[in-house]
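**Q** heads up, no residue letters with this:
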């Protein structure tokens, strides 16, 4: 198959107003993005560069013989005796075109499956930053830390629902994908209208916004000082209590992953997003912390 025309070069740095997630995918991965947009309509697909072999034998079909030749090529009818050779060429042309379209559709499926992960890996590098609006608090803008992208789910508009394994055989939870242009973080937090900024632009945008008033903690509620996280064994700072509390909530709500390893990875990302001042916990440490409780809950579910 002849190589497809190269898409126009896109800037690799977001403009001051930022990119949407779809614009970020198109700008950072132009070839993959173009292949992911391959049309479903057969006629539109045939009109794309490289889909039909050139030169086309159809250009040599006499005007008064188009209908019988088409009937022979597409309907399997006997070709006119004087046009047998031309009909054979047209059949070969259509077969090659169909193979190229099928190959492009396969590439489209592969690109669509890979692009969210490619984009997440690129955003995890930290040289650009993404911010979105918390769907549970529409006036709250959340900046997604690089470490959270490993457990984030990006919506680009073509993803289908997925099934999370349950604690019992043949059980699972059907989960709808996040809306296009949004990101779902651990803890079932969905950020809408996510935009990607250059790091400096994101800082400038954040600095230009209205100052957030300081909120006094309620009586009996600990302040958000980093020292509150120093609750570990032998005086070492740890976030174990935070993780155990969130894990328990997810178990009761039916949001916990059936795999303890996957649940640990999601909790590690959750801790980074929701408690950035807390000492980090690796997924391996979290897995050791929650393993017993997770196995008990999935073996003897409460629902």
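**A** Now that the structure is in, tell me what you want to look at. Because the structure is a prediction, the values reported are computed rather than measured. Residues are numbered from 1 along each chain as shown.

**Q** alpha carbons only for contacts and neighbour counts from here, please
**A** OK.

**Q** helices of the stretch 1-150 of the chain, start to end?
**A** Counting by DSSP state H, counting those that start in this stretch, the stretch 1-150 of the chain has these helices, from start to end: 21-28, 30-36, 42-46, 66-75, 84-123.

**Q** tell me the mean pLDDT over the fourth one?
**A** Looking at helix 66-75 alone, the average pLDDT works out to 92.

**Q** again with the last one
**A** Across helix 84-123, pLDDT averages out at 93.

**Q** and that helix, which residues are buried?
**A** 86-91, 93-94, 96-98, 100-101, 104-105, 107-108, 111-112, 115-120, 122-123 (16 or more other C-alpha atoms under 10 Å).

**Q** turn the helices of the stretch 1-150 of the chain into TSV, including distance to residue 142.
**A** Conversion of the helices of the stretch 1-150 of the chain to TSV gives the following (distance: least, C-alpha to C-alpha, whole Å):
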stretch	distance to residue 142
helix 21-28	15
helix 30-36	26
helix 42-46	40
helix 66-75	56
helix 84-123	15
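
**Q** looking at those helices, which is nearest to residue 136?
**A** helix 21-28 (20.1 Å; C-alpha to C-alpha).

**Q** list the contacts of residue 199.
**A** The contact partners of residue 199, by C-alpha atoms under 8 Å, 6 or more residues apart in numbering, come to 126, 127, 128, 129.

**Q** out of these, which is most surrounded?
**A** Within those, neighbour counts (other C-alpha atoms under 10 Å) peak at residue 129, which reaches 23 neighbours.

**Q** partner residues bridging it?
**A** For residue 129, the beta-bridge partners are residue 197 (DSSP bridges).

**Q** isn't it up against residue 148?
**A** No. Applying C-alpha atoms under 8 Å, one finds residue 129 not in contact with residue 148, separated by 11.6 Å.

**Q** so where is this structure shaky, pLDDT-wise?
**A** 1-11, 162-175, 200-238, 298-303 (pLDDT under 70).

**Q** mind putting the contacts of residue 199 into a markdown table with distance to residue 155?
**A** Shown next, in a markdown table, are the contacts of residue 199 (distance: C-alpha to C-alpha, whole Å):
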| residue | distance to residue 155 |
| --- | --- |
| 126 | 20 |
| 127 | 21 |
| 128 | 18 |
| 129 | 17 |
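
**Q** out of those, flag the one nearest to residue 185.
**A** Comparing these against residue 185 with C-alpha to C-alpha places residue 129 closest, at 15.1 Å.

**Q** who's in contact with the closest one?
**A** Residues near residue 129 by C-alpha under 8 Å, 6+ apart: 123, 143, 144, 145, 146, 196, 197, 198, 199, 202.

**Q** for it, give its distance to residue 146.
**A** Between residue 129 and residue 146 the computed distance is 8 Å (C-alpha to C-alpha, to the nearest Å).

**Q** spit out the residues that contact these two alike.
**A** With C-alpha under 8 Å, 6+ apart as the test, residue 129 and residue 146 both reach residue 123.

**Q** quick one: the closest residue to residue 18 other than its chain neighbours and residue 274, what's the gap?
**A** Nearest non-adjacent residue to residue 18, counting by C-alpha to C-alpha, 6 or more residues apart in numbering: residue 197, 4.6 Å away. Note on residue 197: its distance to residue 274, by C-alpha to C-alpha, is 21 Å.

**Q** more neighbours, these two?
**A** For residue 197 versus residue 274, the count of surrounding residues by other C-alpha under 10 Å is larger for residue 197: 24 against 14.

**Q** quick one, what contacts that one?
**A** With C-alpha under 8 Å, 6+ apart, residue 197 has these contacts: 14, 15, 16, 17, 18, 19, 128, 129, 130.

**Q** those helices in the stretch 151-300 of the chain, which residues are they?
**A** 199-208, 240-253, 260-274, 283-299.

**Q** which residues are in contact with the third one?
**A** By C-alpha under 8 Å, 6+ apart, the surrounding residues in contact with helix 260-274 are 144-145, 147-151, 185-187, 242-243, 246-247, 256-257, 278, 280-284, 286-287, 290-291, 294-295.
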